[in-house]
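>>> Fold the following for me, if possible:
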Amino acid sequence: MDGRLRYCLALDLKQNQDLIEQYIAHHKPENAWPQITQNMRELGILDMEIYRVDNRLFMIMETKIGFDPNKPPLTALGKQKSDEWEALMWKYQQPLKSAAPGEKWVKMDKIYDLKSALI
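Predicted coordinates for the structure are as follows:
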């Protein structure tokens, strides 16, 4: 991937089927918050996919080189909407046991790469 970084992250949802269904509904394309999508693009996120099994989430995020996950949105409106989105999502999410205090999505370690395997 030229000029891109890939992040693989994990997070758990609360083990409550109603909350899980609500979380999924928030992530349907027609329910996307335009300002959140704009924030991600402006900060260097090129692509993002989230997968689920049971209450475990797995995110693949591709970013520009130099992406800083701690950089705030570029505008006051972007920051406001980001704070609102994060507060709403926290209603559904819970940290992994291995998460640091205040950490939501935990970066996963790559343990296998087919391209690197010798045949």
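
>>> and the longest helix seen in the chain, how far out from the chain's middle?
Scanning the chain for the longest helix, with DSSP state H as the assignment, gives helix 76-90. In terms of Cα atoms, centre = their mean, to the nearest Å, the centre of helix 76-90 is set 14 Å apart from its chain centre.

>>> So which residues make contact with that helix?
Identification of contacts with helix 76-90 by Cβ atoms under 8 Å, 6 or more residues apart in numbering yields Tyr23, His26, Trp33, Gln35, Ile36, Gln38, Asn39, Glu42, Pro72, Pro73, Lys104. For the C-beta atoms, the positions are set from N, CA and C on the backbone; glycine is no exception.

>>> can you put those in a markdown table and add neighbour count and distance to Cys8?
Output for those, formatted as a markdown table (neighbours: other Cβ atoms under 10 Å; distance: Cβ to Cβ, whole Å):
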| residue | neighbour count | distance to Cys8 |
| --- | --- | --- |
| Tyr23 | 21 | 19 |
| His26 | 15 | 22 |
| Trp33 | 14 | 24 |
| Gln35 | 18 | 26 |
| Ile36 | 16 | 21 |
| Gln38 | 16 | 24 |
| Asn39 | 21 | 21 |
| Glu42 | 13 | 23 |
| Pro72 | 12 | 23 |
| Pro73 | 19 | 23 |
| Lys104 | 15 | 15 |
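
>>> in the longest helix of the chain, what's buried?
Gly78, Lys81, Ser82 (16 or more other Cβ atoms under 10 Å).

>>> Could I get the full set of helices for this structure?
Under DSSP H, the chain gives helices at 17-26, 34-43, 76-90.

>>> What would the second one look like as PDB? C-alpha coordinates only.
Output in PDB follows, covering the C-alpha atoms of helix 34-43 (Å, rounded to 0.1, in the frame of the first residue of the first chain):
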ATOM      1  CA  PRO A  34     -21.900  14.000   7.400                       C
ATOM      2  CA  GLN A  35     -19.600  16.000   9.700                       C
ATOM      3  CA  ILE A  36     -18.100  12.800  11.100                       C
ATOM      4  CA  THR A  37     -17.300  11.500   7.600                       C
ATOM      5  CA  GLN A  38     -15.900  14.900   6.700                       C
ATOM      6  CA  ASN A  39     -13.700  14.900   9.900                       C
ATOM      7  CA  MET A  40     -12.300  11.500   9.100                       C
ATOM      8  CA  ARG A  41     -11.400  12.500   5.500                       C
ATOM      9  CA  GLU A  42      -9.900  15.900   6.600                       C
ATOM     10  CA  LEU A  43      -7.700  14.100   9.200                       C
END
